[in-house]
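> A predicted structure for the sequence below; I have some questions about it.
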Amino acid sequence: MGTKLKFNNIRKHFFGVTALDGVSFEIEEKHTVGLIGENGAGKSTLMNILGGVLLPDDGDMSLDGEAYLPSNPRDAARMGVAFIHQELNLFTNLSIAENIYINSFPNLNKTPLIDKKKMNDSLKSLLKSLDLNYSPSTTVENLAPGERQLVEIAKALHSDAYLIIFDEPTTSLTARETEKLFTILKQLRSEGRTIIYISHILSEVKHITDNVIVLRDGKVTGSSETGSIEIPEMISRMVGRESDNLFPERSSKPNNSPILEVKGLSQPGIIGEVDFSVHEGEVLGVFGLMGSGRTEMARMLFGVDSYRSGSISIDGNPLPRNSPRSCIERGMAFVTEDRREEGLLMNVAITENIGLVSLPDYCRNLVKWVDAKRMNEEAGIIGDSLKLKASDIRRQPAMSLSGGNQQKVVIGKWLMKKPRLLIMDEPTRGIDVGAKYEVYSIMDRLAAENSGILFISSEIEELIGIADRIVVMSQGELVKVFEKKDFDVTALMAAAFREAVA
Ligand SMILES: Nc1ncnc2c1ncn2[C@@H]1O[C@H](COP(=O)(O)OP(=O)(O)OP(=O)(O)O)[C@@H](O)[C@H]1O
Ligand SMILES: [Mg+2]
């Protein structure tokens, strides 16, 4: 079956926000198409319309020349369109099999009972082909985020979808899972399925797509064969101007007084004897492959996870163990890798989310009265500095923001604390190039005000672009420290792969 898909003049508004402003383009069957654009450009909204989650205000779509307008996801699935969401939406209290069969439970011999055995048996080989080594009856809450994503993929494959939408699939995947995903994508492609792939990692888009569609402010600003568009042009079509620098010039240099001092930090099986310090005004990059112990180390520093031996101090004062609260009191802040764990209050206004951890700072002493006006003002300033795309940040709930803009709220929440030491674990995942620049600028500004920043990332380029020094971790050990003058992609990679090379 052919799957030529046409969007014709699609429009969608949300209470005063124009998310899609007349979108038209076509997708040829069996093609893999990258859909890119800044945070809030309208990518997820368009895919929600294609996937039957939302109805357009205006415009129409066709599949193979036939009018196509799904009124719910089940409708879309029946027409062969599957949607793997940016925010995973599986029922975590149900099993893998129940999630996959959610729209079509098989009945037991014409009774209303569900034939669980049939359900589970039919999925074994499918799960295996995705390297998902669980019994189909396993409850989804026992799976890691990346594995949950594989369940969504299994669901799409099981429904035999011929058009599969991936909305930022690699955001919650580890490097190994990402690789697996790419293998699966290649396989899907060779089976002749049509794929729409949304990502902020333009090198991924360049690598795996046949065509690229660029959205800006709800309009198509580019449509080309991937081979004929280079990354800088993708960026300029996304942001509407020539892309100049990807990184701000650093405006200051670190000095010699340490803020964070880590000595002999160990937890058997996780990290061993780690020593380093972060100085005033320094952005210390941490590079390492997945499983190198970076995130685990950050969690120990912030008192979330325990460690067996070693010491951690801030400004010369040792930190008590297992107490994120005392870390916050000493001026530490932590943007974690796992957005879902960050606890955005989805129904609460954006400014209140930004003010959340700083609330005690805005209580007028004695009476427990929050100076909401001042808090809102400052949250507004933070929002502006991150170029948060929202229509009314005092009233709009966090839920109504695009994925990347929710991420900015998480960062904003910790910036509002004016941290002495900011730990950021993969802070730029899922945010667009413009917003990345804003995040780097904020790191630079904090450093210029003498704070210290521990910046964990898997993207070597951004570490080289903004860090003063980079430490490389491998298998729980700190294997090498690079001074700025020695920054070099190959050398950093070699250090991270230490074990593999040796
Ligand atoms: N339910 C909603 N209510 C109000 N506004 C919304 C809603 N859903 C989306 N929007 C707005 O529509 C615009 C487009 O959002 P969309 O989620 O499509 O962006 P996106 O391109 O997917 O961005 P990202 O890269 O951050 O995921 C944004 O301004 C967003 O705030
Ligand atoms: Mg989105």
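Right, received. Where do you want to start? Numbers count the residues shown, from 1 in each chain. Ligands and ions are numbered 1, 2, ... in the order given.
> Phi and psi next, for residue 453.
Backbone torsions of residue 453, given as degrees, to the nearest 10, read phi -130, psi 130.
> Bridged to it, which residues?
residue 283, residue 422 (DSSP bridges).
> Report the contact partners of it.
278, 282, 283, 284, 421, 422, 423, 424, 443, 446, 447 (Cβ atoms under 8 Å, 6 or more residues apart in numbering). Quick note: C-beta positions are derived from backbone N, CA and C, even for glycine.
> again, only using 6 Å
283, 422, 443 (Cβ atoms under 6 Å, 6 or more residues apart in numbering).
> just residue 466 next, same as before
Contacts of residue 466 by Cβ under 6 Å, 6+ apart are 247, 283, 440.
> Show the buried residues in these.
283, 440 (16 or more other Cβ atoms under 10 Å).
> Please work out how many residues are found near residue 173.
By other Cβ atoms under 10 Å, 20 other residues sit near residue 173.
> Could you double-check that it sits in contact with residue 146?
Yes: contact criterion Cβ atoms under 6 Å: residue 173 and residue 146 qualify, at 4.5 Å.
> how long is stretch 453-468 from one end to the other?
10 Å (Cα to Cα, to the nearest Å).
> what mean pLDDT does that stretch have?
Taken as a whole, stretch 453-468 has an average pLDDT of 93.
> residues of it that come out buried?
453-458, 460, 462-468.
> Now, the residues you listed that are in strands?
Applying DSSP state E to those, the entries found in strands are 453, 454, 455, 456, 457.
> could I get those residues as TSV with distance to ligand 2?
Formatted as TSV, those follow (distance: Cβ to the ion, whole Å):
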residue	distance to ligand 2
453	27
454	28
455	24
456	24
457	21
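> can you put these in TSV and add distance to ligand 1?
Converted to TSV, these look like this (distance: Cβ to the nearest ligand atom, whole Å):
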residue	distance to ligand 1
453	24
454	25
455	21
456	22
457	19
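> so which pair among the residues you listed is furthest apart in space?
For those, the maximum inter-member distance is 11.5 Å, found between 453 and 457 (Cβ to Cβ).
> Measure how buried residue 377 is and give me the count.
12.
> Tell me the buried residues in the helix or strand hosting it?
Using DSSP states H and E, residue 377 falls within helix 372-385. Burial within helix 372-385, assessed by neighbour count using 16+ other Cβ under 10 Å, is assigned to 375, 376, 378, 379, 380, 382, 383.
> Give me the phi and psi for the closest residue to residue 289 other than its chain neighbours.
Nearest residue to residue 289, sequence neighbours excluded (Cβ to Cβ, 6 or more residues apart in numbering): residue 496, at 5.3 Å. Note on residue 496: its backbone torsions stand at phi -70, psi -30 [degrees, to the nearest 10].
> Please work out how many residues are found near residue 496.
That count, for residue 496 with other Cβ under 10 Å as the rule, works out to 22.
> So for stretch 72-82, mean pLDDT?
Rounded mean pLDDT across stretch 72-82 is 90.
> Tell me the spacing between the residue nearest to residue 289 and residue 458.
Distance of residue 496 to residue 458, given as Cβ to Cβ, to the nearest Å: 10 Å.
> For the stretch 251-400 of the chain, which residue gets nearest to ligand 1?
Taking Cβ to the nearest ligand atom, ligand 1 has its nearest neighbour within the stretch 251-400 of the chain at residue 400, 3.5 Å off.
> Tell me how far that residue lies from residue 391.
Residue 400 sits 9 Å away from residue 391, going by Cβ to Cβ.
> what about the two, which has more around it?
residue 400 (18 against 11).
> now the more buried one, nearest residue through space, not along the chain?
Per Cβ to Cβ, 6+ apart, closest to residue 400 is residue 14, 6.9 Å.
> Over to residue 146?
In space, residue 146 is closest to residue 177, 4.0 Å off (Cβ to Cβ, 6+ apart).
> pLDDT of whichever strand or helix holds that neighbour, averaged?
In this structure, residue 177 sits in helix 175-190 according to DSSP H and E. Per-region confidence: helix 175-190 scores 83 on mean pLDDT.
> Residue 257 against residue 281, yeah?
No: between residue 257 and residue 281 there is no contact under Cβ under 6 Å: 9.0 Å.
> higher neighbour count, those two?
residue 281 (23 against 14).
> Quick check, residue 132 in contact with residue 150.
Yes: assessed by Cβ under 6 Å, residue 132 is found in contact with residue 150 at 4.9 Å.
> where's residue 318 relative to residue 284, distance?
Relative to residue 284, and taking Cβ to Cβ, residue 318 is found at 20 Å.
> Tell me which of the two has more neighbours.
Taking other Cβ under 10 Å, residue 318 and residue 284 do not tie; residue 284 has more neighbours (23 against 11).
> The buried residues of stretch 453-468: which two are farthest apart?
458 and 468 (19.0 Å).
> pretty sure residue 238 is in a helix, no?
Yes: according to DSSP: H, G, I helix; E, B strand; the rest coil, residue 238 belongs to a helix.
> I figured it hits residue 39, correct?
No: look at residue 238 against residue 39 with Cβ under 6 Å: they stay out of range, at 10.2 Å.
> Stretch 32-49 - what's its average pLDDT?
Mean predicted lDDT for stretch 32-49 stands at 94.
> For ligand 2, give me its nearest residue in the chain.
Here the chain gets closest to ligand 2 at one residue, residue 44, 3.2 Å apart by Cβ to the ion.
> give me the number of residues near that residue?
Residue 44 has 25 nearby residues by other Cβ under 10 Å.
> What parts of this protein come near ligand 1?
14-15, 17, 19, 37, 39-45, 86, 389, 400-405 (Cβ under 6 Å from any ligand atom).
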